[in-house]
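Asks: Give me a model of this one.
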Amino acid sequence: MAPPPLLRAVIMGPPGSGKGTISARIIKHFGMKHLSSGDLLRVNMQKKTGFPRTVAQAEALDKECQIDTVIDLDVPFETIKCRLTARWVHPTSGRVYNLEFSPPKVQGIDDVTGEPLVQRDDDKPETVTKRLQAYDAQTKPVLEYYRKKGLLKSFSGTETNKIWPHIYTFLQTKLPDVSQKDAATPR
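Replies: Predicted coordinates:
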């Protein structure tokens, strides 16, 4: 049996652009592994070792492995700001609610426990604005770096469900859809 094809892809996009959702769909359809730089960043910050998202990091990554493609989620900042500022969480369980498209049954209250929901400091309007400005300043050079290398593929839109079909079609040119194979295989 031949080994599955290898594709090293980087998914870039501002906080709240849908990277986690897109990653989950890529895993489901193409059987790829997922490493979240956000998760890695939080771990490195806790260890105080740092994890910059800069051209220097991109160059260092190139020395370690060959990146095959960079998927850029180009979502307007105003859309992201609305998404993130509408996000509330149940701190104990980590359940996430969004007042726009998945609100709790009772505003401000967790559906399961009846306990209060909180808005993370990261999701408060003033913090979101600062995060998006920082992302823009840091990331433009990185996107340009990958564009010059011919690796950047940008997908624009305001909804993950509308961006996903375009990403899916793009990835189908590089990888087989394992979910289709699984669906056709009797269990």
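Asks: Name the next helix or strand downstream of the least confident helix or strand in the chain by mean pLDDT, please.
Replies: For the chain, counting by mean pLDDT, DSSP states H and E, helix 37-47 ranks last in confidence among helices and strands (a mean of 53). Downstream of helix 37-47, the first helix or strand assigned by DSSP states H and E is helix 55-64.
Asks: residues of that following helix that come out buried?
Replies: Under the neighbour-count criterion of 16 or more other C-beta atoms under 10 Å, helix 55-64 has 55, 58 buried. Any C-beta I mention is one placed from the backbone N, CA and C, and that applies to glycine too.
Asks: One more: stretch 136-150?
Replies: Of all the residues in stretch 136-150, those buried under the rule 16+ other C-beta under 10 Å are 139, 142-143, 145-146.
Asks: Tell me which residues are up against it.
Replies: 10, 12, 14, 52-55, 57-59, 67, 70, 72, 77, 152 (C-beta atoms under 8 Å, 6 or more residues apart in numbering).
Asks: One more: stretch 56-76?
Replies: 7-14, 16-19, 22, 51, 142-143, 145-146, 151-158, 163, 167, 170, 174.
Asks: Just the buried residues of these.
Replies: With neighbours counted by 16+ other C-beta under 10 Å, the contacts of stretch 56-76 contain buried members at 9-14, 16-19, 22, 142-143, 145-146, 151-153, 155, 157, 163, 167.
Asks: contact partners of stretch 153-164?
Replies: Applying C-beta under 8 Å, 6+ apart, the contact partners of stretch 153-164 are 18, 21-22, 25, 69-76, 79, 166-167, 170.
Asks: got a winner among the residues you listed for most neighbours?
Replies: Gly18 (24 neighbours; other C-beta atoms under 10 Å).
Asks: What sits closest to that one if chain neighbours are left out?
Replies: In space, Gly18 comes closest to Thr160 once its chain neighbours are excluded; the distance is 3.9 Å by C-beta to C-beta, 6 or more residues apart in numbering.
Asks: just how off-centre is the helix ranked longest in the chain within its chain?
Replies: If you go by DSSP state H, the chain has its longest helix at helix 125-148. Its chain's average C-alpha position is 14 Å from that of helix 125-148, according to C-alpha atoms, centre = their mean, to the nearest Å.
Asks: What of stretch 99-113?
Replies: Chain-centre distance of stretch 99-113: 23 Å, with C-alpha atoms, centre = their mean.
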